[in-house]
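Asker: could you look at this predicted model? Sequence included:
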Amino acid sequence: MPDYAEKINQIVYRLSCNANDRQAAKKLIKTYSNALMEYQQEIERLQVEPDSLKWSKTYDLMDELNELSNEILYNSAASRVICDPKVYTGELVEVKQKAVQELYDAGVRSLQTGTKREAKEAYFYFIKADQLSAAFKDVNQKIPEAKNKATINIVVEKAGAYANNKNLYAVRFYETILSKLQSEFLYDRFVNIYSFTEAKQRKINPVDWSVNISFIDIDLEKAASIDNSQFIYVNGVAEIKIFSAAENSDILNKRIPNQYIWKSYGSNDDSGWQTLFDSFSLSMTDQVSGLLSEFIKQSKY
C-alpha cells in the first residue's frame with residue numbers, strides 16, 4: 001500500500017500555502033479516494049480470510065485512516081475540498097476491544113511454548129495490548145514475565161593464559177572485552193551481559209550462556225633490526241567458547257590465531273611476558289568482541 005500519509009501531508013501543505021491551488025485540490029480528492037478504497041478493501045479482506053491477528057490489523061488500518069481523515073478535517077483549506085472524510089468512531093471502539101483480547105490470547109499462546117523466540121513475540125503482543133487497554137486482565141504482569149523468559153543472560157568468564165611456565169593475567173583484555181560487549185547490547189532489552197563477579201554477586205539464575213576465552217600456544221620470536229633494535233613476534237591463539245546451559249554443550253568453539261609485533265628500541269629488551277601478552281591480547285579485542293557480538297545477534301532468538 002502506498003504511503004498515503006506522506007502523500008496527503010504534502011498536498012495539505014500545498015493547500016495551506018495556497019487555498020486556491022486547483023491542482024492540489026484535484027490531487028487531494030484523487031489521493032484520498034484511492035486511500036479510502038484501498039483501506040476499506042483491506043479491512044474487508046481481513047474479515048473473510050483466516051488471520052490470527054485480524055482484529056489487531058483491522059484496528060491499525062482504521063486508526064491509520066482516521067489519521068488521514070483528521071489531517072484533512074483539521075486543515076480549513078483541505079476540509080473545504082473534502083467536506084466529510086471517513087472517520088471510524090463506534091466501530092473503532094468495538095474493534096479495539098476485540099483486538100486487545102486477540103493480542104492477549106496470542107501472547108499467552110506464545111508464552112506457553114517455552115522458547116525465547118516465542119517469549120519475545122509474547123512480550124510485544126502484551127505491550128501492544130497494554131497500549132490499547134492498560135487495565136486489561138493481568139497484562140501488566142504478563143509483560144515482565146514474557147521479557148524475563150525472552151532475555152538471554154550471558155556471563156563472560158575471566159580470561160587467562162599460560163606460557164613459558166608462567167600464569168599470565170588477562171585482566172586488561174577481559175575488562176576491554178566486557179566493556180565492548182556491554183556497550184554493544186546496552187539498549188537491547190533481551191540481552192544481559194554480566195561479568196563473572198557481577199553474576200555471582202547478583203546470583204543470576206539462569207545463566208543461559210557462559211563465554212570462556214583462553215589463550216594458547218603463546219611463543220616469542222626475536223629478530224634483530226638494522227638500527228640495533230629488536231622485533232619481538234608474539235604468536236598465539238585465542239580460543240573462544242560459549243557454553244549453552246539449555247543444550248548442555250558448547251554452541252561456539254572458535255580459534256583465532258594472531259601475531260603481534262613488538263619493537264624494542266635498543267639491543268637490551270627488558271619487556272616481560274606479561275607486558276608482551278597484554279599488548280598481544282589487547283590487539284585482538286576488536287576481532288574477538290566482533291565475533292561474539294555477531295554470534296549473539298544471529299543466535300539469540
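Answerer: Now that the structure is in, tell me what you want to look at.

Asker: ok, residue 273 - how many residues close by?
Answerer: Neighbour count of residue 273, defined by other C-beta atoms under 10 Å: 17. No exception for glycine: its C-beta is placed from N, CA and C like everyone else's.

Asker: that should have said residue 157, apologies.
Answerer: By other C-beta under 10 Å, the residues close to residue 157 number 16.

Asker: name the element the closest residue to it other than its chain neighbours belongs to?
Answerer: The shortest distance from residue 157 to any non-neighbouring residue, by C-beta to C-beta, 6 or more residues apart in numbering, is to residue 212 (4.7 Å). Residue 212 belongs to strand 209-224 when elements are defined using DSSP states H and E.

Asker: in that strand, what's buried?
Answerer: Neighbour-count burial for strand 209-224 flags 209-215, 218, 220 (criterion: 16 or more other C-beta atoms under 10 Å).

Asker: give the next helix or strand downstream of the longest helix anywhere in the chain.
Answerer: Scanning the chain for the longest helix, with DSSP state H as the assignment, gives helix 22-48. With elements assigned by DSSP H and E, the helix or strand that comes after helix 22-48 is helix 54-73.

Asker: which segments of the chain make up each domain?
Answerer: For the chain, the structural domains run 1-88, 101-150, 152-299, going by automatic domain parsing.

Asker: just how off-centre is the second one within its chain?
Answerer: Read it as domain 101-150. Offset of domain 101-150 from its chain centre (C-alpha atoms, centre = their mean, to the nearest Å): 18 Å.

Asker: I'd like the average pLDDT over it.
Answerer: Domain 101-150 shows a mean pLDDT of 94.

Asker: in the protein, where is pLDDT below threshold?
Answerer: 224-228, 265-271, 300-301 (pLDDT under 70).

Asker: helix or strand for the residue positioned nearest the centre of it, which one?
Answerer: Residue closest to the mean C-alpha point of the chain, counted by C-alpha atoms, centre = their mean, is residue 188 at 5.1 Å. Residue 188 belongs to no helix or strand when assigned by DSSP H and E.

Asker: hey, where'd the strands end up in this protein?
Answerer: 152-156, 160-163, 166-169, 191-195, 209-224, 230-244, 249-264 (DSSP state E).

Asker: may I see the buried residues of the fourth one?
Answerer: Spelled out, that is strand 191-195. For strand 191-195, burial by neighbour count (16+ other C-beta under 10 Å) applies to 191-195.

Asker: would you reformat those as CSV and include distance to residue 39?
Answerer: Shown next, in CSV, are the buried residues of strand 191-195 (distance: C-beta to C-beta, whole Å):
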residue, distance to residue 39
191, 38
192, 41
193, 44
194, 48
195, 52
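
Asker: re earlier: from the buried residues of strand 209-224, which is closest to residue 234?
Answerer: residue 220 (6.0 Å; C-beta to C-beta).

Asker: report the contact partners of that closest one.
Answerer: Residue 220 is in contact with 232-235, 276, counting by C-beta atoms under 8 Å, 6 or more residues apart in numbering.

Asker: cutoff 10 Å now
Answerer: 163-164, 232-236, 262, 271, 273, 276, 280 (C-beta atoms under 10 Å, 6 or more residues apart in numbering).

Asker: how distant is the longest helix of the chain from the center of its chain?
Answerer: For helix 22-48, the gap between its own C-alpha mean and the chain's C-alpha mean amounts to 35 Å (C-alpha atoms, centre = their mean).

Asker: list the buried ones in stretch 11-21?
Answerer: Quick answer for stretch 11-21 (16+ other C-beta under 10 Å): 11-12, 14-15, 21.

Asker: got the residues you listed as CSV, with distance to residue 105 columns?
Answerer: Output for the buried residues of stretch 11-21, formatted as CSV (distance: C-beta to C-beta, whole Å):
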residue, distance to residue 105
11, 40
12, 39
14, 45
15, 44
21, 49
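
Asker: which of those fall within helices?
Answerer: Among these, the residues falling in helices (DSSP H) are 11-12, 14-15.

Asker: closest to residue 172 out of the residues you listed?
Answerer: The closest of those, once distances to residue 172 are taken by C-beta to C-beta, is residue 12, at 59.1 Å.
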